[in-house]
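1. Next input, structure requested:
(4 chains)
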2 protein chains.
Amino acid sequence: MLSRTRIVNAAVDLIEREGADAVSMRRIAAELGVGVMSLYNHVPNKSALLDAVAESVLSKVEFTDDPAAHWTERVRIQARAFRQIAHHYPRSTMVVVSRQLQSTAGILPVERALSTLLEAGFDGREAVQMLRVYIAYVVGSLLREVGVTPTFAPVRPDIRIAEVDPALFPVVGELAPHLMECDHDEEFEFGLELLVQAMTVRAARRASGVAGGPGAEDARG
Amino acid sequence: MLSRTRIVNAAVDLIEREGADAVSMRRIAAELGVGVMSLYNHVPNKSALLDAVAESVLSKVEFTDDPAAHWTERVRIQARAFRQIAHHYPRSTMVVVSRQLQSTAGILPVERALSTLLEAGFDGREAVQMLRVYIAYVVGSLLREVGVTPTFAPVRPDIRIAEVDPALFPVVGELAPHLMECDHDEEFEFGLELLVQAMTVRAARRASGVAGGPGAEDARG
DNA sequence: GCGTGGCACGTACGCTGTACGTGCGTCAAC
DNA sequence: GTTGACGCACGTACAGCGTACGTGCCACGC
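-> Residues are numbered from 1 along each chain as shown, chains lettered A, B, ... in the order given. Got it, this is the predicted structure:
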């Protein structure tokens, strides 16, 4: 028996196996051993199907939120939870970020994150702003991680860096060794730590009574 | 006379006017008043054309880099330069981030940014890591800004937040007013400032002799 | 027995990217 | 001046796409 979830799962499998370009209604139908038009009894159109794929992948994020842990650790754990499913469904992750889905699938992570940030001592407005920075960083990082590896097997772009003319781009030439190597785990943790520390500073400043705004036009510099 | 750049420009125009989905070889040819197959004398295929579109948009980023300015200000200026063209070509920006292009078009920004970060006092390794965090934030932010506004005119998703069940998501319900309003300028600057301050802290710590790594496993918290 | 509605499916239409062949204009060699 | 080569615009053709529409099967309420 055909069902919406069977169709969505088949789509996710197909995307992971052969990439998002390989997805067509005919292909999915063949995968399920049914006629093409049967799909339309469960899914209004292809676009909605891809939205459902995004929603499905997003809902697989596991939130083992530990209220006992310090808020900084909870921030880290939540970010890593996202990253984990992005690694598990790398090609589907591209479709997740490329379609803006306005469903409730992404609300739970938001709820958890905001709760954590309120616990950190931010007020509502700051918490939302922090959340947006946080999301921007995580999405931007994952986009690079999954985008840089189309097949997710070989490391492609390193060669390109090496053949840059050092006369035109001296700094890039000099730092080529560092640009070519990229331990994704380490890079992600580095940025995450930077972000958490920035949050900690903001939270501390807030606790000590300095109010409002980015408040850094006068930052030492 | 047909030329590669005429074709690319027509593609960019079409994308901005009617969205990336409207792009087809036939459509572009019609736009230019030529036959479809004539395009293939200047562009190997559609995928390469879209890569060229991405490259073209990326190359429009204006770097008025002022070596006299403090490095923190240069970081801000460079980020805003990206954001400016993303706003000028919002729909093309989506294709820029969705295709990973390994060309030299993106090298100049990298050169400038790394140069700025070295000036800030980071060594090569740190500079590259900082750059990656920086890119992740900018890309993530712009993705939300341009993705959230498909037509770039009306503000869509706010309504969705309002209809979330406050019983299931109390924090989201409570913070709905803040979630619904989003001054993109202010949000971007907020995150940018957070990032710059985090960089400043790192640079200062480095200058005072604390070496290596994220070094925050023991961060206070 | 008989509508009625849900579901699987075939057919068909307009669209897509692009391989291939054709014809025309210009320029180099003789 | 003739001829060959070459670049480029273009038409045709084909496989594949999303999906509107119609058809037939089957289970169910009356």
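2. Please name the nearest non-neighbouring residue to the residue sitting nearest the centre point of chain A.
-> The C-alpha lying nearest the average C-alpha coordinate of chain A belongs to A:V139 (CA atoms, centre = their mean; 3.6 Å). Distance criterion CB to CB, 6 or more residues apart in numbering or on different chains; nearest residue to A:V139, sequence neighbours excluded, is B:G140 at 4.2 Å. All C-beta spots, glycine's among them, are computed from the backbone N, C-alpha and C.
3. for the record, mean pLDDT for whichever strand or helix holds that neighbour?
-> Using DSSP states H and E, B:G140 falls within helix B:124-147. Averaging pLDDT along helix B:124-147 gives 92.
4. same deal with stretch A:56-68?
-> 87.
5. Now do that stretch: everything it contacts.
-> By CB atoms under 8 Å, 6 or more residues apart in numbering or on different chains, the surrounding residues in contact with stretch A:56-68 are A:5, A:8-9, A:12, A:73-74, A:77-78, A:81-82, A:84-85, A:88-89, A:92-93, A:96, A:101, A:105-106, A:108-109, A:112, A:116.
6. one more time with 6 Å
-> Contact partners of stretch A:56-68, identified using CB atoms under 6 Å, 6 or more residues apart in numbering or on different chains, comprise A:V8, A:A81, A:F82, A:I85, A:Y89, A:S92, A:V96, A:A105, A:G106, A:R112.
7. How about stretch A:37-46?
-> Contacts of stretch A:37-46 (CB under 6 Å, 6+ apart): A:L2, A:R4, A:I7, A:M25, A:A29, A:L49.
8. next structured bit after the helix or strand bottoming out on mean pLDDT in chain A?
-> Every helix and strand of chain A was ranked by mean pLDDT, DSSP states H and E. The lowest is helix A:158-162, at a mean of 58. Moving toward the C-terminus from helix A:158-162, the next helix or strand (DSSP H and E) is helix A:170-174.
9. Check whether that next one comes near chain B.
-> Yes - using CB under 6 Å from any CB of the partner chain, a contact is recorded between helix A:170-174 and chain B, made by A:V171, A:V172.
10. buried sites along the helix holding B:G140?
-> Of all the residues in helix B:124-147, those buried under the rule 16 or more other CB atoms under 10 Å in any protein chain shown are B:124, B:126-147.
11. Show the buried residues in the contacts of stretch A:37-46.
-> Buried members of the contacts of stretch A:37-46, scored by 16+ other CB under 10 Å, are A:I7, A:M25, A:A29, A:L49.
12. got a pLDDT number for the residue of chain A most remote from its centre?
-> If you look at how far each residue of chain A sits from its centre, by CA atoms, centre = their mean, the farthest one is A:A167, at 36.3 Å. With respect to pLDDT, A:A167 scores 82.
13. The contacts of stretch A:37-46 into TSV, with extra columns for distance to chain B?
-> Listed next are the contacts of stretch A:37-46 as TSV, based on distance: CB to the nearest CB, whole Å:
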residue	distance to chain B
A:L2	28
A:R4	21
A:I7	22
A:M25	16
A:A29	23
A:L49	15
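14. what's the closest of those to A:A176?
-> Lowest distance from A:A176 to those (CB to CB) belongs to A:L49, with 42.9 Å.
15. Do the host helix or strand of A:V95 and DNA strand D come into contact?
-> Using DSSP H and E, A:V95 falls within helix A:90-98. No - using CB under 7 Å from any atom of the strand, we find that helix A:90-98 stays clear of DNA strand D, coming within 13.0 Å at best.
16. so what does that helix touch, helix or strand wise?
-> In terms of contacts (3 or more CB pairs under 6 Å, 6 or more residues apart in numbering or on different chains; DSSP states H and E), helix A:90-98 is packed against helix A:4-18, helix A:46-59, helix A:124-147.
17. Now tabulate those in TSV and tack on distance to DNA strand D.
-> Supplementary listing: these in TSV, determined by distance: least, CB to the nearest atom of the strand, whole Å:
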stretch	distance to DNA strand D
helix A:4-18	10
helix A:46-59	4
helix A:124-147	22
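18. Out of these, flag the one nearest A:L194.
-> Taking CB to CB, helix A:124-147 is the member of the helices and strands packed on helix A:90-98 nearest to A:L194, at 8.8 Å.
19. if we look at that closest one, which residues are touching it?
-> With contact meaning CB under 6 Å, 6+ apart, helix A:124-147 is reached by A:79, A:82, A:86, A:90, A:93-94, A:97, A:113-114, A:117-118, A:184, A:188, A:195, B:100, B:136-137, B:139-141, B:175, B:178-179, B:187, B:190-191, B:194.
20. distance of A:L117 from B:F190?
-> 14 Å (CB to CB, to the nearest Å).
21. Quick check: closest non-adjacent residue to A:E55.
-> Distances taken as CB to CB, 6+ apart put A:A105 closest to A:E55, at 4.1 Å, once the chain neighbours are dropped.
22. and the gap between that neighbour and DNA strand C?
-> A:A105 is 23 Å from DNA strand C, where distance means CB to the nearest atom of the strand, to the nearest Å.
23. Now for that residue: which residues touch it?
-> A:E55, A:L58, A:S59.
24. State the number of residues packed around the first one.
-> Using other CB atoms under 10 Å in any protein chain shown as the criterion, A:E55 is surrounded by 18 other residues.
25. and if you look at the second one?
-> A count of neighbours around A:L58, defined by other CB under 10 Å, yields 20.
26. Same question for the last one.
-> A count of nearby residues for A:S59, using other CB under 10 Å, gives 14.
27. Cheers, nothing more for now.
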